[in-house]
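1. what follows is a predicted structure for the sequence shown.
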Amino acid sequence: MKKIAVLMGGGKGTRFWPMSVKRRPKQFLKIFSEKTMLQKSAERLIPVVGEENIWVVTVKGMAEEVKKQLPFIEDRIIEEPAGKNTAAAVILSMAVLNREFHDFVVSFLPADHHIEGEDIFVDQLKAVFEVAENEVVTIGIPPTRPETGYGYIKFNSSTEKSIHGFKFYEAWGFVEKPSEEKAKRMLEEGGYFWNSGMFFWDKNIFLERLEKYSPEFFEFYKAVSAGKVEKAYKSVEPLPIDKAFMEKLPPGFVVTRAEFGWSDLGSWLSLWEVLKKDEGLNAAKGEVYFHNSRGNLVVSNKRAIIIGAEDLAIVETEHGLLVMKKSASSDLKKILEKLESE
């Protein structure tokens, strides 16, 4: 059966300000190498589905940058009239793909995640595609701390099956971003993964379940399939695909345990976590000198000297200067939204 991978590349990346801005969100940035996050995400998928089966869904105005960064993508860009979260992006993509192909299995993956162990990632995706011919599948990340910023997937450990060396489980459902107390309890109990935001399914299985469990979004699917994209987007509820579809599924869909390293790079704290650190747990991009400082992240194109600082994110670009506690990403997002509305 035909295998397709769709990269979701319409994010604003507000939590990566001032490196990431509206005109150049996180997926278009070179953070770890001379290739952008989008380019690295596409490159990882070539051994799985081939260049010709990689698509990108993005918002109006970003298509030209996608073409510039991925010349091979040609006309396989699905352009949304507006950003309405991932449910609209996924369902519009399904409508476009359904016009192009009779039967297919498809994956939807964020274009701005960091993956370590790419060979393992490729092998695991091949196994997931095989399972997704018969069931909705998602990838779960083994939790390493009581994280309150992620959603969780509850799974039944007694249903473990090994397929091509990777562990698959029956999933019981999703858990909303928990309180710190609940996150600690779930970590102690076990049986939970972080939700990676990567989803796989056969076209027919998806449409049958969308109609059954999410009829309002099935109506959206019918509207965009009929070419009424602009009108449908004006009224569609801006929900992530997790809430619009995955959370409504009954127990029994499948989750596989990620065997590769993963970060959603959703904050400056998450970037600090994956960067190489010195003896004082300081991480930097650029020419940075630390003295009596601990646990900081500094990103600067200029020479920087940091003295007596602790647990700060200091980021300077042509768009602005940020100085904050690494853990204050939620405050940064709120402030940017407030400034934007003024």
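-> Good, I have the coordinates. From a predicted model like this one, the values you see are computed outputs, not experimental measurements. Numbering: from 1, shown residues only.
2. quick one, what contacts the residue nearest to the spatial centre of the chain?
-> Central residue of the chain (C-alpha atoms, centre = their mean): Pro110, 3.5 Å from the mean position. Shown in contact with Pro110 (C-beta atoms under 8 Å, 6 or more residues apart in numbering): Leu7, Met8, Gly11, Ser41, Gly197, Met198, Asp264. Every residue, glycine included, has its C-beta placed from N, CA and C.
3. for this protein, which segments count as helices?
-> Ranges of helices in the chain, per DSSP state H, are 37-49, 63-69, 85-100, 118-131, 180-189, 203-213, 215-225, 229-235, 241-244, 268-274, 329-341.
4. now render these as a markdown table, adding mean neighbour count.
-> What follows is the helices of the chain, written out as a markdown table (neighbours: other C-beta atoms under 10 Å):
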| stretch | mean neighbour count |
| --- | --- |
| helix 37-49 | 20 |
| helix 63-69 | 16 |
| helix 85-100 | 21 |
| helix 118-131 | 18 |
| helix 180-189 | 13 |
| helix 203-213 | 16 |
| helix 215-225 | 18 |
| helix 229-235 | 15 |
| helix 241-244 | 20 |
| helix 268-274 | 20 |
| helix 329-341 | 13 |
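5. to Pro251, which of those lies closest?
-> Pro251 lies closest, by C-beta to C-beta, to one member of the helices of the chain: helix 203-213, at 12.5 Å.
6. next, the angle from the closest one to helix 215-225.
-> Taking axes from the mean of the first three to the mean of the last three C-alpha atoms, to 10 degrees, one finds helix 203-213 and helix 215-225 inclined to each other by 130 degrees.
7. send me helix 203-213 as CSV with only the CA atoms.
-> Output in CSV follows, covering the C-alpha atoms of helix 203-213 (Å, rounded to 0.1, in the frame of the first residue of the first chain):
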residue,chain,number,x,y,z
LYS,A,203,-7.2,6.5,4.9
ASN,A,204,-10.4,4.4,5.2
ILE,A,205,-9.9,3.7,8.9
PHE,A,206,-9.5,7.4,9.6
LEU,A,207,-12.5,8.5,7.6
GLU,A,208,-14.8,5.9,9.2
ARG,A,209,-13.7,6.8,12.7
LEU,A,210,-13.8,10.6,12.0
GLU,A,211,-17.5,10.2,10.9
LYS,A,212,-18.4,8.1,13.9
TYR,A,213,-16.5,9.8,16.7
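8. other residues contacting the worst-scoring helix or strand of the chain on mean pLDDT?
-> Using mean pLDDT, DSSP states H and E, helix 329-341 stands out as the lowest-scoring helix or strand of the chain, at a mean of 80. Residues outside helix 329-341 that contact it (C-beta under 8 Å, 6+ apart) are Thr14, Arg15, Trp17, Gly149, Gly266, Ser267, Trp268, Leu269, Leu322, Met324.
9. of the residues you listed, just say which sits nearest to Ala232.
-> Thr14 (25.5 Å).
10. shouldn't Pro238 be in contact with Ala82?
-> No. Checked against C-beta atoms under 8 Å, the pair Pro238 and Ala82 is beyond contact range at 9.2 Å.
11. pretty sure Met324 contacts Ala313?
-> Yes. Counting by C-beta under 8 Å, Met324 touches Ala313, with 5.5 Å between them.
12. next, show the common contact partners of those two.
-> In contact with both Met324 and Ala313: Trp268, using C-beta under 8 Å, 6+ apart.
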